[in-house]
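Colleague: One predicted model, sequence on top.
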Amino acid sequence: MTSGVESPPLPAGRIALLGETGLDQVSPGSVGAKAYNLFRMADAGIPVPPLFVLGTATGRELGRPRGLRREDLAGLVRAGVHHLERATRLGFGAGRHPLLLAVRSGAAVSMPGMLETLLDVGLDDTTLPGLLRATGDPVFVWDSYRRLVQTYAEVVDDLPPGPFAAVVEAACAREGVASASELDADATRHVVHELRERYRDAARRDFPQDPMEQLLGAVGAVLRSWDSPRAATYRRLQGLGDLTGTAVTVQAMVFGNLGVTSGAGVGFSRDPATGRDELYVDFLLDAQGEDVVAGRQRAGDADAALAAVPGLRHRLRSTARTLEGLFGDAQDFEFTVQEGVLWLLQSRSAKRTPWAALQIACDLVDEGLLPPAVARQRLAGYDLEAIVRVRLDPAAAASAVPVAEATPA
């Protein structure tokens, strides 16, 4: 932990610090749409975990002649980590009260699911006992280590995921459970040791035990993901050829997998299918955000999960209202609940059906959140005369017998 050391001067445009960089100094083009919205949310009083952002210029300059050198990037990252240590009063790599980090991408225009994310960065054999002392939950600690090793192998070292998934699947079969999150602490500890053996065999080196090495590897992987085939194809299909690169957001971890008063979810401030003014949420108890957005676990009964955390539905409804007032549109937001405390991880304009687009535009105008001229601009791409909604006859549906259940895409 370096909280007693003065931060080095930070090059303008290359790094932005939540709480120290003003809104007038950042833009979606400089820090990515995700981070820019986080800055706006924090400025509006919405709870956002501490973060720093390596701007879009960082990736563009890295490796260019007379551009940013690898050692310059490492200096920026160390300066950002120092900022997070001061904000959280935790130490990155500390044996007691360790700071763990999430590393996320962020282009100027949202590219959901196209770029990489790594969680729990900084967890190793030194910090693991400190996290165990801080939480008293060995299942959580070993499961976090498992997630890190699996993700790091696939994302940073580009190793095939199959051998690592096979280790987890075999453990679940032995223990008679459906998923890794249901394994006990001893079984998960054995899984971590097996995963590290697979990592050593495939990568020809041990899993990194230096937190800064882990972090720099994660930052590099996020920057490289900009040029991945799926990201390039997405930009081509969406007509985003003028985008110049991704920023990297490094954020203090908040944990949704700390028991039955924790969880992770994705919410829409209004129903994205119908446009009705009602909260639409997928929420998993005792889970991390990637479990939800990557579809690794079925969301199940979100209403029951929300009810398990006292006051959560009301806080989400209030936060959704604040987000709509801030951004002037229906929002799609990701959130984590850590032991009953709500944290927002991102927000963006929600995707919606044509019917919902019309309904939302009309309602926002009626509520005074949107000028009529702007509403007409948002609907310019739709054939308003052709917008229809197909639904089951309520009378027929009441007597129908369901033949299957599914989760909407």
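Modeller: Ah, there it is.
Colleague: ok, which stretches of the stretch 201-350 of the chain are helices?
Modeller: Secondary structure of the stretch 201-350 of the chain (DSSP state H, counting those that start in this stretch): helices located at 211-224, 229-237, 289-293, 302-307, 312-327.
Colleague: Show the low-confidence segments of the protein, by residue range.
Modeller: For the chain, applying pLDDT under 70 flags the ranges 1-13, 63, 290-300, 407-409.
Colleague: please redo it, this time with the cut-off set to 80
Modeller: The chain contains residues with pLDDT under 80 at 1-13, 62-68, 112-113, 289-301, 391-392, 397-398, 406-409.
Colleague: picking that back up, select, out of the helices of the stretch 201-350 of the chain, the one closest to R147.
Modeller: R147 lies closest to helix 289-293 among these, at 7.9 Å (C-beta to C-beta). In short, each C-beta sits where N, CA and C put it, glycine included.
Colleague: just to revisit the earlier point, want to throw the helices of the stretch 201-350 of the chain into TSV with mean neighbour count and distance to G256?
Modeller: Shown next, in TSV, are those (neighbours: other C-beta atoms under 10 Å; distance: least, C-beta to C-beta, whole Å):
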stretch	mean neighbour count	distance to G256
helix 211-224	21	19
helix 229-237	13	26
helix 289-293	21	7
helix 302-307	16	11
helix 312-327	18	12
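Colleague: V390 is nearest to which of those helices?
Modeller: Closest approach to V390 among the helices of the stretch 201-350 of the chain is made by helix 302-307 (24.2 Å; C-beta to C-beta).
Colleague: how about stretch 77-91: buried residues?
Modeller: 77-88, 90-91 (16 or more other C-beta atoms under 10 Å).
Colleague: Now render the helices of the stretch 201-350 of the chain as JSON lines, adding distance to A252.
Modeller: Formatted as JSON lines, the helices of the stretch 201-350 of the chain follow (distance: least, C-beta to C-beta, whole Å):
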{"stretch": "helix 211-224", "distance to A252": "12"}
{"stretch": "helix 229-237", "distance to A252": "26"}
{"stretch": "helix 289-293", "distance to A252": "14"}
{"stretch": "helix 302-307", "distance to A252": "24"}
{"stretch": "helix 312-327", "distance to A252": "19"}
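Colleague: Nearest to A375, out of the ones you listed?
Modeller: Nearest of the helices of the stretch 201-350 of the chain to A375, taken as C-beta to C-beta: helix 312-327 at 13.7 Å.
Colleague: C-alpha coordinates for the closest one, PDB please?
Modeller: Presented in PDB, the C-alpha positions along helix 312-327 are these (Å, rounded to 0.1, in the frame of the first residue of the first chain):
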ATOM      1  CA  LEU A 312     -33.700  -3.000  -2.700                       C
ATOM      2  CA  ARG A 313     -36.600  -2.700  -5.100                       C
ATOM      3  CA  HIS A 314     -37.400   0.800  -3.800                       C
ATOM      4  CA  ARG A 315     -33.800   1.900  -4.100                       C
ATOM      5  CA  LEU A 316     -33.600   0.600  -7.700                       C
ATOM      6  CA  ARG A 317     -36.800   2.400  -8.600                       C
ATOM      7  CA  SER A 318     -35.500   5.600  -7.100                       C
ATOM      8  CA  THR A 319     -32.100   5.200  -8.800                       C
ATOM      9  CA  ALA A 320     -33.800   4.500 -12.200                       C
ATOM     10  CA  ARG A 321     -35.800   7.700 -11.800                       C
ATOM     11  CA  THR A 322     -32.600   9.600 -11.100                       C
ATOM     12  CA  LEU A 323     -30.800   8.000 -14.100                       C
ATOM     13  CA  GLU A 324     -33.700   9.000 -16.500                       C
ATOM     14  CA  GLY A 325     -33.600  12.600 -15.200                       C
ATOM     15  CA  LEU A 326     -29.900  12.700 -15.700                       C
ATOM     16  CA  PHE A 327     -29.700  11.200 -19.200                       C
END
